[in-house]
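Trainee: Following is a predicted model, sequence given first.
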Amino acid sequence: MGIEIIDVAVPERWDDDSEGARLLRTYVDVRNDVTAHEWGGDSSHAYSYQEAWSQWRGDAVDIETIRTLALVDGEPAGRGFAERGLREAQTIAGIDAMVLPEHRRMGVARALVDDLLARMRARGATTFQAWVDHHPAPGPQLSPPTGFGEIPAESPQVRLLQAYGFVLEQIERMSVLHVGTTHAALAEHIADAQRHAAGYRLETWAGASPSNRLDALARLQARMSTDAPAAGLDHEEETWDAARLQRYEQGQLEGGRTMLRAIAIDEATDAAVAFTTLVSAGTPHIWYQHDTLVHADHRGHRLGMLVKAANLLALHEQDREALVRTWNAEENRPMLRVNEALGFTAVCSEGAWQRKDAP
Ligand SMILES: CC(C)(COP(=O)(O)OP(=O)(O)OC[C@H]1O[C@@H](n2cnc3c(N)ncnc32)[C@H](O)[C@@H]1OP(=O)(O)O)[C@@H](O)C(=O)NCCC(=O)NCCS
């Protein structure tokens, strides 16, 4: 049995007969098949070729990526992904390996991970991070140094990461909300938050952000990298400007996704001081909660609840059957308090793992 690793570049198009387009489609198929298998056959976690293609193109200026396919006797068996910031955190690389069920325990993940680590090291990466959804299972559990959350200690993913010297640093809770079940309470949440938020007003929109809000949104977006709890994970402040924000939005929208934003504006300065973002997926009725942040100078006025409840209300108008998925650090009490009040319920735990090369 021979394992061959080949690169998957960003093709000019995703839907023609070119070799590049064919490789993109194979890569996405492998990713979607493994993900459905891990979710017990649930294919609603899939993304489409067009979504992938658009996001790959949108990211290319700000993030360096490596995408690979592992072929066993010429047939696709797994796929590898690594990324590294080009504007910040250039020594930190995220990595991810997925192997089709019928090709497991044959060294395919090792071949993928060895290749990703070596190539990211050659580019200067010394810290490696991995995020993995771990589904609940009986038996011994593993907790990170934060003391918040746990995952089953004996899954293949845990074994693989530990074999490479990765350490579990943090747990994120994945939770879901059917917007239909919370709709009746949303107006009340908004009214209650507004009683604590005198001097602030809401703005919501669908699609690309209006140009007069881009600079303030970019400044808030940058603070996600410093203000969200990162536990023991290495991180650096990200540099965002209006152009980078537009590239991110374009990458989402050109893939066929819908984006809903809600922001809170400080009426004294007309500046955006809080924001939240919901993005649809290729699968009907599946939505992902992207970033939410209240500027540190404006916390304690229920602006987090205000923007989140307003965006969910806007979502209900778009799609009454929407299901929202979100990931939050288990120690992030302020954000979890808002989500729990809105009705989000926990589904599984995502482990954040890190390995640092010896200096
Ligand atoms: C985790 C995963 C990538 C492993 O793929 P794989 O090709 O079977 O892994 P390999 O054969 O290369 O094994 C590499 C090491 O992982 C560990 N491992 C993998 N599967 C294991 C299992 N079922 N039981 C125990 N150890 C296991 C072992 O340490 C193994 O080394 P060894 O064979 O020398 O003992 C695969 O199960 C998968 O795709 N899971 C779903 C996707 C996912 O969660 N990916 C994130 C991983 S970071």
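Mentor: Perfect, I can see it now. Residues are numbered from 1 along each chain as shown.
Trainee: So what's the residue count around Glu51?
Mentor: By other CB atoms under 10 Å, the residues close to Glu51 number 22. Heads up, the C-betas are built off the backbone N, CA and C, glycines and all.
Trainee: List the contacts of it.
Mentor: Gly255, Gly256, Arg257, Ala281, Gly282 (CB atoms under 8 Å, 6 or more residues apart in numbering).
Trainee: export those residues to CSV and tack on secondary structure and neighbour count?
Mentor: Output for those, formatted as CSV (DSSP: H, G, I helix; E, B strand; the rest coil; neighbours: other CB atoms under 10 Å):
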residue, secondary structure, neighbour count
Gly255, coil, 24
Gly256, coil, 13
Arg257, coil, 21
Ala281, coil, 21
Gly282, coil, 17
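Trainee: Spell out which parts of this structure neighbour the ligand.
Mentor: 34, 38, 96-99, 104-110, 130, 132, 156-157, 159-161, 163 (CB under 6 Å from any ligand atom).
Trainee: of those residues, buried ones?
Mentor: For those, a burial check counting by 16 or more other CB atoms under 10 Å picks out 34, 38, 96-99, 106, 108-110, 130, 132, 157, 160-161.
Trainee: Give me the subset of those residues that lies in helices.
Mentor: Val34, Glu38, Val108, Ala109, Arg110, Gln157, Leu160, Leu161 (DSSP state H).
Trainee: Please enumerate the strands of the stretch 101-250 of the chain.
Mentor: 127-134, 141-142, 151-152, 167-178, 200-206 (DSSP state E, counting those that start in this stretch).
Trainee: could you dump these to JSON lines with mean pLDDT?
Mentor: Listed next are the strands of the stretch 101-250 of the chain as JSON lines, based on pLDDT from 0 to 100:
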{"stretch": "strand 127-134", "mean pLDDT": "96"}
{"stretch": "strand 141-142", "mean pLDDT": "96"}
{"stretch": "strand 151-152", "mean pLDDT": "96"}
{"stretch": "strand 167-178", "mean pLDDT": "97"}
{"stretch": "strand 200-206", "mean pLDDT": "97"}
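Trainee: could those be laid out in JSON lines, adding distance to Gln90?
Mentor: Output for these, formatted as JSON lines (distance: least, CB to CB, whole Å):
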{"stretch": "strand 127-134", "distance to Gln90": "10"}
{"stretch": "strand 141-142", "distance to Gln90": "30"}
{"stretch": "strand 151-152", "distance to Gln90": "29"}
{"stretch": "strand 167-178", "distance to Gln90": "20"}
{"stretch": "strand 200-206", "distance to Gln90": "34"}
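Trainee: tell me the contacts of Thr226?
Mentor: So Thr226 contacts His235, Glu237 (CB under 8 Å, 6+ apart).
Trainee: same thing but at 6 Å, please
Mentor: Glu237 (CB atoms under 6 Å, 6 or more residues apart in numbering).
Trainee: State which one residue of the stretch 251-359 of the chain is found closest to the ligand.
Mentor: Trp353 (7.5 Å; CB to the nearest ligand atom).
Trainee: For the nearest residue to that residue once chain neighbours are set aside, grab phi and psi.
Mentor: Excluding its sequence neighbours, the residue lying closest to Trp353 (CB to CB, 6 or more residues apart in numbering) is Phe166, at 4.1 Å. Phe166 adopts backbone torsions of phi -70, psi 150, taken as degrees, to the nearest 10.
Trainee: and Phe166, how many neighbours does it have?
Mentor: With other CB under 10 Å as criterion, Phe166 counts 23.
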